[in-house]
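# Okay, sequence plus prediction incoming.
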Amino acid sequence: MTGSKPYEESSYVPRTWRSKLWRERYIFLLLLPGLIYFLVFKIIPVFGNIIAFQEFNPFKGIWASDWVGLDNFKRIFEDTEVLKVLRNTLYISFTQIVFVFPAPIFLAIMLNEVANSKVKRIIQSVVYLPHFFSWVVIISIATIFLKPEGIINQILESLGYNWVSFMTNPHMFVPIVIIELIWKETGWSTIIFLAALASLNNELLEAAIVDGAGRWKRIWSIILPSISGTIVILLILRLGSVLDSGFEQIFLMLNPFNKEIGNVLDTFVYEKGIKQSDFSFSTAVGLFKGVVGLVLVLGANKIAKRFGHDGLF
Amino acid sequence: MHYKSRADKWFNAFNYLLLSIVCLCMIFPLLYIFSVSFSTMQDFVQKDIILWPSKWDLGAYRYIFSTETFGRAMLVSACLTVVITCVNLLMTSTMAFATTFRFTGSKLILRMIVFTLLFSPGLIPSYLMVRNLGLINSYWSLILPGMISTFNLIVIRQFFQGLPKEIFEAANIDGANELQIFRKIALPLSKPALAAFALFYAVDAWNAYFNVILYMNDTTKWTIQVVLRQIVIVAPPDNNLLSSLLREPPPAQTVQMAAVLIATLPILIIYPFLQKHFAKGVMLGSVKG
């Protein structure tokens, strides 16, 4: 197998599209598997969303199913369950932003204050670790700890409190979601803030030390402002995906007892679409979520750019 | 900045205390589960909190490995992880390399990639595609739909673009085609970067849960994560899975904890390697986004 010599030949071979394609044949060979993958699993299914405008019948297929216009979307706003699910989604997501978002900022700043680089690295390895555990593992651990005869209840009882059935108590659903999320992702999320802190202006810090600013003062007046740009852009982008509340985690935590509070848009789409085979309606809900999410993300990206940052795209 | 006042010392003490507590919170659940899984039922009932097994007992593990369900699930997960990692890495790197060239339609393809970054198909259309392809209950449904992560593709592509062009051109003049350049030059040069993504893909494959639930109705084809969920989160300890093959049942608690540990073990084993590499991967990723 000897290759053609496109760079040499290109100067004198007439560039018809056939010869050009022939010259690029190896590139296409490399490209082809990926291209097919993208078409089949990423592009065509996007157009599969048109079943949201149909009364899709799996036996008839997309081409023969009846068109119903926007009926499925009207159903979204008439269905009290969807509205409840939307409220749940927003509630969980905003609670996450309030409680989960600040945690890595705080941890990163405190990590940054550790002078001993070896100690710092050890702490980092420890706090990054949970990020790599599956949600099943994390919720299994939570279940083991929080079940009626679990260790948390043992402690509660030894302190004289009554035991709580955490995993089936609807009031405990959101707090547990938050704590699991903080446990899993706080360490990992510090990476980006630590990167921002690495580019800190040292002269400014030294000047502050000379001026007699204590550690807290320095953190508050120099270090925090210097990463505020990163914080703002991440916050804006997080707000842009406010309809995402973490599918797998919530799916795994749902049970008949906490469904009222825990059912979110994603789990609703799964339940309606896959379990009950109501394909068109659930696709409409999914599409609604996708479009709102896209608008929010693009908007958030634009705002982030206006703040003088690169944005995501 | 070695300016140490009394306030400084207090701050450091506070900081170290705080970070120690954070680390303890990360480690304690794992340590507890590890210790209980190796403990005897007696210890488990008598002691309030077990931090280290006083008498090592392998009953839970012996039981787990004697059950058909668990052993099979582990094997399935292990094989799938290996296959998925290889396939994903090959698919992602070939496409990433090909798109670094300018060729007929290359702009269109780059636009398509950005398009898929913005518009994801959604759960139901993706599911219907897999179903229409007849992949339900087939392991292909766990391999094919996730072969390329668009984000990884873009990052690896950027890495390939960063390689010195002169080497490729020299190879080209020597008569190597793009296929050969990819295999003989680009791949060897990017081993560290690809190792990082291999590890990321492997972790994802091992941890995969939802797509198994989605596409696998056949319980004999379940992976470890699904089985783990079944014996810890969903089913009460006295379900069939636990009691059917059992002659002398170890306590359900220790079995559950052993199961958690086994499902986590591969992660804990590769974590040291992962750590060395993910810094690279994350740095590559932070170039954009």
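Sure thing, it's come through.
# Which parts of the helix or strand hosting residue B:254 count as buried, going by neighbours?
Using DSSP states H and E, residue B:254 sits within helix B:252-285. Neighbour-count burial for helix B:252-285 flags B:252-264, B:266-267, B:270-271, B:274-275, B:277-278, B:281-282, B:284-285 (criterion: 16 or more other CB atoms under 10 Å in any protein chain shown). All C-beta atoms are positioned from the backbone trio N, CA, C, and that covers glycine.
# same question, stretch A:76-87
Going by neighbour count (16+ other CB under 10 Å), the buried part of stretch A:76-87 is A:76, A:82, A:85, A:86.
# Which ones among those lie within helices?
Among the buried residues of stretch A:76-87, the ones falling in helices (DSSP state H) are A:76, A:82, A:85, A:86.
# among the buried residues of stretch A:76-87, which two are most distant?
Greatest spacing in the buried residues of stretch A:76-87, by CB to CB: A:76 and A:85 (10.0 Å).
# if we can go back for a sec, so can I have CSV of the ones in helices among the buried residues of stretch A:76-87 showing pLDDT and distance to chain B?
As requested, those are exported to CSV (pLDDT from 0 to 100; distance: CB to the nearest CB, whole Å):
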residue, pLDDT, distance to chain B
A:76, 91, 14
A:82, 93, 15
A:85, 95, 14
A:86, 94, 16
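# can you redo the residues you listed as a markdown table with distance to residue B:199?
Shown next, in a markdown table, are these (distance: CB to CB, whole Å):
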| residue | distance to residue B:199 |
| --- | --- |
| A:76 | 41 |
| A:82 | 40 |
| A:85 | 36 |
| A:86 | 38 |
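# re the thing from before, could you check the helix holding residue B:254 against chain A for contacts?
Yes: using CB under 8 Å from any CB of the partner chain, helix B:252-285 reaches chain A at B:253, B:256, B:257, B:259, B:260, B:263, B:264, B:267, B:271, B:274, B:275, B:282.
# pLDDT on that helix, on average?
For helix B:252-285, mean pLDDT rounds to 81.
# returning to that earlier point: what is the nearest of the residues of helix B:252-285 next to chain A to residue B:173?
Lowest distance from residue B:173 to the residues of helix B:252-285 next to chain A (CB to CB) belongs to residue B:282, with 36.4 Å.
# Contact partners for the spatially most central residue of chain B?
Most central in chain B under CA atoms, centre = their mean is residue B:203, positioned 1.3 Å from the mean C-alpha point. Contact analysis of residue B:203 by CB atoms under 8 Å, 6 or more residues apart in numbering or on different chains lists A:132, B:267, B:270, B:274.
# make it 6 Å
Residues counted as contacts of residue B:203 (CB atoms under 6 Å, 6 or more residues apart in numbering or on different chains) are residue A:132.
# And residue A:30, by the same measure?
Contacts of residue A:30 (CB under 6 Å, 6+ apart): B:94, B:98.
# per-residue confidence for it?
Taking residue A:30 on its own, its pLDDT is 94.
# okay, now the residue of the stretch 51-200 of chain A found nearest chain B: neighbour count?
Proximity of the stretch 51-200 of chain A to chain B (CB to the nearest CB) peaks at residue A:134, 3.4 Å away. Residue neighbour count, defined by other CB atoms under 10 Å in any protein chain shown, stands at 24 for residue A:134.
# That one reaches residue B:226, doesn't it?
No: the pair residue A:134 / residue B:226 is not scored as a contact, 10.5 Å apart, by CB atoms under 6 Å.
# Is residue B:56 in a helix, a strand, or coil?
Secondary structure, DSSP: H, G, I helix; E, B strand; the rest coil: residue B:56 is coil.
# which ones are touching it?
Taking CB under 6 Å, 6+ apart, we find residue B:56 in contact with residue B:38.
# Any figure for the gap between it and residue B:35?
With distances taken as CB to CB, to the nearest Å, residue B:56 is found 10 Å from residue B:35.
# Same check on residue B:24?
For residue B:24, the distance to residue B:35 (CB to CB) stands at 15 Å.
# part of a strand, is residue B:217?
No: under the criterion used here (three-state DSSP), residue B:217 is coil, not part of a strand.
# residue ranges for the strands of the chain, please.
Let's take chain A. Here chain A has its strands, by DSSP state E, at A:54-55, A:66-67.
# want to throw those into TSV with distance to residue A:204?
Formatted as TSV, the strands of chain A follow (distance: least, CB to CB, whole Å):
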stretch	distance to residue A:204
strand A:54-55	61
strand A:66-67	64
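# want to throw those strands into a markdown table with mean pLDDT, mean neighbour count and distance to chain B?
Below are the strands of chain A laid out as a markdown table (pLDDT from 0 to 100; neighbours: other CB atoms under 10 Å in any protein chain shown; distance: least, CB to the nearest CB, whole Å):
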| stretch | mean pLDDT | mean neighbour count | distance to chain B |
| --- | --- | --- | --- |
| strand A:54-55 | 90 | 18 | 12 |
| strand A:66-67 | 88 | 10 | 17 |
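# For residue A:174, which of those strands is the nearest?
Distance to residue A:174, taken as CB to CB, is lowest for strand A:54-55 among the strands of chain A, at 36.2 Å.
# Once you drop chain neighbours, what's closest to residue A:66?
Excluding its sequence neighbours, the residue lying closest to residue A:66 (CB to CB, 6 or more residues apart in numbering or on different chains) is residue A:55, at 4.8 Å.
# Below-threshold pLDDT in chain B: ranges please.
Residue ranges of chain B with pLDDT under 70: B:1-4, B:42, B:45-49, B:235-250, B:278-289.
# same thing but 50
Chain B contains residues with pLDDT under 50 at B:1, B:239, B:245, B:247, B:287-289.
# okay, now the domains of it?
B:6-46, B:63-286 (the TED database).
# and those domains, which is most packed in?
Most buried of these, by mean neighbour count (mean count of other CB atoms under 10 Å in any protein chain shown): domain B:63-286, with a mean of 18.
# I'd say residue A:34 and residue B:95 touch.
Yes: using CB under 6 Å, residue A:34 is in contact with residue B:95, at 2.9 Å.
# Can you tell me which residues in the stretch 51-200 of chain A are near chain B?
A:110, A:113, A:123, A:125-127, A:132-134, A:136-137, A:139-141, A:143, A:191 (CB under 6 Å from any CB of the partner chain).
# filter these to the buried ones?
The buried subset of these - by 16+ other CB under 10 Å - is A:110, A:113, A:123, A:126-127, A:132-134, A:136-137, A:139-141, A:143, A:191.
# Am I right that residue A:49 is in contact with residue A:287?
Yes: the pair residue A:49 / residue A:287 is scored as a contact, 5.1 Å apart, by CB under 6 Å.
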